[in-house]
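K.L.:
Just the structure for this:
(one chain, ligands or ions: 2)
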Amino acid sequence: MKRVLFSLFIFVTALGAARADEGMWLPALISQRIGDMQAKGFKLSAEDIYSVNQASLKDAVVLFGGGCTGEIVSDEGLLLTNHHCGYSFIQRHSSVEHDYLKDGFWAMDRSQELPNRGLTVSFLQRMEDVTGAVLKGYSPSMTEKQRDSVIRVNSGEIVRAAMEEGKGLRASVEALYYGNQYFLFVYKIYRDVRLVGAPPSSIGKFGGDTDNWMWPRHTGDFSIFRIYAGKDNEPADYSEDNVPYKPKRFFKISRKGVKEGDFTFVYGCPGSTKEYVMSEEVKYVAEVSDPQKIDLRTKRLDIQKKYMNASQAVRIQYSSKNASVSNAWKKWQGEEKGIKKMKTVASKQEFESRFNKWAEGTEYEGLVDKLGALYAERNPYFRASEYYSETVRAVEILNFASGVVATLERGASAAANAESFFKDYYQPIDEEIFVAMMEAFDQKMEDRFKPEYFKEKLASYGSVKAWKDDLFKNTVFTDKAKVSALTKADLESVYKDPAYELQKAFATWFAQDISPVVNEANAKIRLANRDYMRAQMAFEPDKAFYPDANLTLRVAYGHVAGYHPADGMYYAPVSTLKGIIEKDNPDIFDYNIPQVLRDIYAEGGHDDQPVCFIATNHTSGGNSGSPVINADGNLIGINFDRVWEGTMSDIAFDPEVCRNISLDIRYLLFVVDKIGHASYLFKEMDFAD
Ligand code: ARG
Ligand code: GLU
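P.N.:
Ligands and ions are numbered 1, 2, ... in the order given. As a prediction, this is how the structure comes out:
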């Protein structure tokens, strides 16, 4: 208990200023930051941002689906998020006759809005420090296992009690600061969410993967939905009788625009960061993990691109797969470069040596060394685990084989698996990826981490290429009709299929030889990091610490700002329609804008139409779709990305180059009106100024 009291004391006193604009703050504790926010121009109060007693801005922000953010912009449940967040839903409504991805979609009235099975939005009802209740009955003499079980039992009770407070609630207890503090989050989940509008991809995904993670950017990355509720305004399954949800609060829209220096505030759900880890972990990311994953994905992307460029049909099949492989690939490159440029490893080491001096004679003496030893123990295994998932698991047919077997084992037909797999499968790509990935595994993996099965097969075939030829010739998993016809009775022979056998051998090796070691080491690292986190707070009592992101609602504030991406270069903070026209090129898929946009531009007068802007807000994956708010609390944009030079901000934030990228809300209005002809939607919006 002493420990707990001690740590709470630190949280309350840790109010000093963080480095400029770094930080993702807990809304419930925003009173600790509001002074700084107001000093930087914000005109609202802490209660305006977060309150459990009255409507506040938090009531207009939702977790959209499983990993994005959205915001409410009318008292009839109208919701904005990114195009890339709505992408899969837009795709599901699309067919050859109605290609909403390509052409866009605009409901012209409520009856045309499209329901989306499985899509939910979650409103945060409240968040609350429950550290005391979670650790009730815990004593420092307990083992870590006993502590876990105390936490599990107590959290279960807290969650159960919270869920009983109303309809459609979900509650969870989340560890913050590596388990030095626990918060309860209670959400209300609405499950009738309909698609209202989306621009054509040539606007909503303009620039594609070429411009992804980069500035200058010109992507109209938005889509529009509406939340429906039962007649009592409570969550309800889809029904024609449902009515538009009446929010407690919605954002007013500002058309005032932004300029360098303006205050900005991003309210959303960043997914995951690790700002407080020791140098060894950062070193692993920048010197081992990122480079090896980048290298493997470069090979994969090159193979995909080669075939995509040769055939329009293949391009469509692989566009979504290629985008998701490419998204992390590009981020990791920026991250690796950023960590090296910032010399994060060296500055963490310097911090650690000061820390070690301070820790002498305290309970934290030797902690950093201990952590370092744990990482050294874990990393070779962790590397093998990452290598496995980026190589063997990147071969489509192997995943397909294991999915089909799981279906057959359930006694179901694999026809549906086959249908969805072959729709977007191009075998020559997979064959080439098989060869590239297995060769890489052979060349780059230490011998002790190669499964016996792998070594034997490779020896017997003499080369990966020969192995591949044989496997693809003899597997059943390249044949749609045969796979569709499989039943449980076929399992005995399917177990001997070369594709299934290979993936099974690797999965077994992974489960037996790799993941237990990684898991055990990670558990020890987590425990040591809990101490290290608390120790860092004691070491720097005047620093303000924000908890690492965990997809809970956060406040990030900053200001509109350009930056120097490299020596001799400066990027201005605002992009315009003129830049879209400059990039426009009918021969390059990513830059081929719709003709209607060319025509509108040709009318003249639209050169200065704002499109995107950058600012210093500290954001991460999950912040996509987040409202960007000005000093008056009004909506000026929708967050959708970060700049490439700043993607290391999940590990270390550099105020000089870390920038979030937002869609200027005025471009959304422009596209809704001029491209979608859906300006009827403006009637339900509330425009400030
Ligand atoms: N980079 C953004 C994010 O991390 C956008 C991704 C979607 N866009 C794309 N071109 N792949 O999720
Ligand atoms: N596009 C990211 C997302 O989907 C946001 C970019 C980032 O990581 O900051 O959440």
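K.L.:
all contacts plus neighbour counts: C-alpha atoms, from now on.
P.N.:
Noted.
K.L.:
Any residues of the stretch 51-200 of the chain in contact with ligand 2? List them.
P.N.:
By the rule C-alpha under 6 Å from any ligand atom, the part of the stretch 51-200 of the chain lying against ligand 2 is residue 68.
K.L.:
Could you pull out the helices in the stretch 51-200 of the chain for me?
P.N.:
Taking DSSP state H, counting those that start in this stretch as the criterion, the stretch 51-200 of the chain carries its helices at 83-92, 100-103, 131-134, 144-163.
K.L.:
Now do the longest one: distance to the chain's middle.
P.N.:
Per C-alpha atoms, centre = their mean, to the nearest Å, the displacement of helix 144-163 from the mean C-alpha position of its chain is 27 Å.
K.L.:
if I pick the residue nearest to the spatial centre of the chain, what's in contact with it?
P.N.:
A centroid search over the chain (C-alpha atoms, centre = their mean) returns residue 621, at 3.2 Å, as the residue closest to the centre. By C-alpha atoms under 8 Å, 6 or more residues apart in numbering, residue 621 lies in contact with 68, 270-272, 641.
K.L.:
Which parts of the stretch 451-600 of the chain are helices?
P.N.:
Remark: helices of the stretch 451-600 of the chain, listed N- to C-terminal, are 452-461, 464-474, 480-485, 491-494, 498-509, 515-539, 577-583, 595-602; assignment by DSSP H, counting those that start in this stretch.
K.L.:
The longest one - contacts with which helices or strands?
P.N.:
Applying 3 or more C-alpha pairs under 8 Å, 6 or more residues apart in numbering; DSSP states H and E, one finds that helix 515-539 makes contact with helix 2-13, helix 344-359, helix 367-390.
K.L.:
what mean pLDDT does it have?
P.N.:
Per-region confidence: helix 515-539 scores 96 on mean pLDDT.
K.L.:
about what we covered before: with distance to residue 667, pLDDT and neighbour count as new columns, can the contacts of residue 621 be given to me in TSV?
P.N.:
Formatted as TSV, the contacts of residue 621 follow (distance: C-alpha to C-alpha, whole Å; pLDDT from 0 to 100; neighbours: other C-alpha atoms under 10 Å):
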residue	distance to residue 667	pLDDT	neighbour count
68	21	98	26
270	24	98	28
271	27	98	19
272	29	97	17
641	16	98	26
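K.L.:
Pipe those residues into JSON lines and attach distance to residue 384 per row.
P.N.:
Supplementary listing: the contacts of residue 621 in JSON lines, determined by distance: C-alpha to C-alpha, whole Å:
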{"residue": "68", "distance to residue 384": "30"}
{"residue": "270", "distance to residue 384": "28"}
{"residue": "271", "distance to residue 384": "25"}
{"residue": "272", "distance to residue 384": "22"}
{"residue": "641", "distance to residue 384": "30"}
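K.L.:
Quick check: the residue of the chain positioned farthest from its centre vs residue 435, distance?
P.N.:
Distance to the chain centre peaks in the chain at residue 460, reaching 42.5 Å (criterion: C-alpha atoms, centre = their mean). Taken as C-alpha to C-alpha, to the nearest Å, the spacing of residue 460 relative to residue 435 amounts to 16 Å.
K.L.:
if we can go back for a sec, please identify which pair of the contacts of residue 621 lies farthest apart.
P.N.:
Spatial extent of the contacts of residue 621 (C-alpha to C-alpha) is set by the pair 272 and 641 at 14.7 Å.
K.L.:
residue contacts, residue 397?
P.N.:
With contacts defined as C-alpha under 8 Å, 6+ apart, residue 397 is in contact with 430, 477-478, 499.
K.L.:
Please check these and keep the buried ones.
P.N.:
430, 477-478, 499 (16 or more other C-alpha atoms under 10 Å).
K.L.:
Make a markdown table from the residues you listed and add distance to ligand 2 and pLDDT to it.
P.N.:
What follows is those, written out as a markdown table (distance: C-alpha to the nearest ligand atom, whole Å; pLDDT from 0 to 100):
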| residue | distance to ligand 2 | pLDDT |
| --- | --- | --- |
| 430 | 27 | 98 |
| 477 | 33 | 98 |
| 478 | 33 | 98 |
| 499 | 33 | 98 |
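K.L.:
Format those as TSV; extra columns: distance to ligand 1.
P.N.:
TSV is the format used below for the buried ones among the contacts of residue 397 (distance: C-alpha to the nearest ligand atom, whole Å):
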residue	distance to ligand 1
430	21
477	29
478	28
499	30
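K.L.:
Residue 533: which of these is nearest?
P.N.:
residue 430 (44.2 Å).
K.L.:
Only the buried residues of the strand or helix carrying that closest one, if you could.
P.N.:
Of the helices and strands defined by DSSP states H and E, residue 430 is found in helix 427-444. Taking 16+ other C-alpha under 10 Å as the basis for neighbour counts, the residues of helix 427-444 that come out buried are 429-442.
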